[in-house]
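>>> when you get a sec, could you give me coordinates for this:
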Amino acid sequence: MPPWPDTLRASAFFAVPFGVLLTFLVLAYTPQYAAFWATLSTLPLALLTIEFRLDRTALRKVARAVREGGPQVAMIASICACAQIIIAVLSHTGLGVKISTFIIDMSGGALFPALVLTMITCIVLGMEVPTTAAYIMAVVVAAPALIQLGVHPLAAHLFVFYFAILSAVTPPVCGAVFIAAGMAGADWMETARYSLRLSYAAFLLPFIFVYDYAILLVIEGGALAIAGAILRTVLAMVMLSAGFIGQFRGPLSRAGRLAFIAAGILWIVPHWAWDLLAAIGSAFALLDRTRLYRRRRIE
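Okay, the predicted model is just below:
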């Protein structure tokens, strides 16, 4: 792992275009206009090193980036072109309207099966489609089914939005994995496998939106309920991520991974009894991690 000073200096390069992007958006400019100036702000940064000194090899680096970026853009364009076939089929056949009815019929009116079917639908519809298009397609097709089953509209929209975006790291298309693997010169299949390991916790987060409205600030329980929901969600994501990845400030044992995953799942359920079990499971997981760390230090 790089040291914190190097990480902060490298992060400053990303903070500049991100700050420009947010500034133009707050000033009510169009997203395209804001993105143009945010991209343009990266050009002066290409002339600097990580220590913010003049880089004498900057022009050669820019030329190499153009040469290497061409094949990557061609690959991404081909993926997007194939995805447009799916969009055309949905719009011309009316299949999108029928999917909503299909989800309700297949789930038998039960919420959890409907959520699983909606998740699959959103992942398929969002395959290598730009964020806005993925959300629009998925929300038109899937959100009405969830709202009809009694889900709060905000929770339904966020559920659909998250899974439409997570399709970027989900096979068989996983366009973000293609891009990342191409930039790093890494094996695509291995990158896809690790991307899923890093994203498992994110696949459970949208279910929290549906089953615990306090995280969306739409419950009448007051600040205490909202704070409790945020705390449970943070603990759930940390425990699940550590368990799936197998790391928590160091490697975890198999028992420790299972304990982290189990505790993370328990933290998702908004009930005091499950929270008590989750706290016990978290304590066990942390104790197992401490024991493993001490044993490895002795060895």
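
>>> can you count the residues close to the nearest residue to Phe159 once chain neighbours are set aside?
Leaving aside its chain neighbours, Phe159 sits nearest to Pro206 (4.4 Å; criterion: Cβ to Cβ, 6 or more residues apart in numbering). Every C-beta, even on glycine, is put in place using the N, C-alpha and C of the backbone. Using other Cβ atoms under 10 Å, the number of residues around Pro206 comes to 20.

>>> for the strand or helix carrying Pro206, what is the average pLDDT?
When secondary structure is defined by DSSP states H and E, Pro206 falls within helix 188-211. Along helix 188-211, the predicted local confidence has a mean pLDDT of 82.

>>> dump the helix or strand hosting Ile265 to CSV, restricted to CA.
Element membership for Ile265, per DSSP H and E: helix 254-268. Coordinates of the C-alpha atoms in helix 254-268 are reproduced here as CSV (Å, rounded to 0.1, in the frame of the first residue of the first chain):
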residue,chain,number,x,y,z
ARG,A,254,-12.0,-18.7,7.0
ALA,A,255,-14.0,-18.6,10.3
GLY,A,256,-13.3,-14.9,10.6
ARG,A,257,-14.6,-14.3,7.0
LEU,A,258,-17.8,-16.2,7.8
ALA,A,259,-18.3,-14.3,11.0
PHE,A,260,-17.8,-10.9,9.2
ILE,A,261,-20.3,-11.9,6.5
ALA,A,262,-22.9,-13.2,9.0
ALA,A,263,-22.6,-10.1,11.2
GLY,A,264,-22.9,-7.8,8.1
ILE,A,265,-26.1,-9.6,7.0
LEU,A,266,-27.6,-9.3,10.6
TRP,A,267,-26.8,-5.6,10.7
ILE,A,268,-29.0,-5.1,7.6
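
>>> mind giving me the packing neighbours of it?
helix 188-211, helix 222-245, helix 272-298 (3 or more Cβ pairs under 8 Å, 6 or more residues apart in numbering; DSSP states H and E).

>>> rewinding a little: looks like the residue nearest to Phe159 contacts Leu158 (just checking).
Yes - Pro206 lies in contact with Leu158 (Cβ atoms under 8 Å); the separation is 6.7 Å.

>>> in contact with the residue nearest to Phe159, which residues?
With contacts defined as Cβ atoms under 8 Å, 6 or more residues apart in numbering, the neighbours of Pro206 are 119, 158-159, 162-163.

>>> which of these sit farthest apart?
Met119 and Leu158 (12.7 Å; Cβ to Cβ).

>>> burial of Ser282, as a residue count?
20.

>>> got a list of what it touches?
When the contact criterion is Cβ under 8 Å, 6+ apart, the partners of Ser282 are 235, 239, 263, 267.

>>> which among the residues you listed gets closest to Ile147?
Taking Cβ to Cβ as the measure, Ile147 sits nearest to Trp267 out of the contacts of Ser282, at 26.8 Å.

>>> ok, the closest one - how many residues close by?
Neighbours of Trp267 under the rule other Cβ under 10 Å: 26.

>>> I figured it hits Leu277, correct?
No - using Cβ under 8 Å as the test, Trp267 is too far from Leu277 to be in contact (9.4 Å).

>>> and the lengthiest helix in the chain, what does it pack against?
Among the segments of the chain that qualify as a helix by DSSP state H, the longest is helix 58-93. Counting contacts by 3+ Cβ pairs under 8 Å, 6+ apart, helix 58-93 packs against helix 111-125, helix 131-148, helix 175-184.

>>> what's the average pLDDT for it?
Here the average pLDDT along helix 58-93 is 76.

>>> same check on stretch 264-279?
For stretch 264-279, mean pLDDT is 77.

>>> gap between that stretch and the chain center?
Stretch 264-279 sits 23 Å away from the centroid of its parent chain (Cα atoms, centre = their mean, to the nearest Å).

>>> now do stretch 167-187
Here stretch 167-187 is found 14 Å from its chain centre; the criterion is Cα atoms, centre = their mean.

>>> also stretch 222-237?
Using Cα atoms, centre = their mean, the mean C-alpha position of stretch 222-237 is found 19 Å from that of the whole chain.

>>> just the buried positions in it, please.
Within stretch 222-237, the residues that count as buried by 16 or more other Cβ atoms under 10 Å are 225-226, 228-229, 232-233, 235-237.

>>> and of those, the nearest to Pro172?
For Pro172, the closest of the buried residues of stretch 222-237 turns out to be Met237, at 26.4 Å, with distances computed as Cβ to Cβ.
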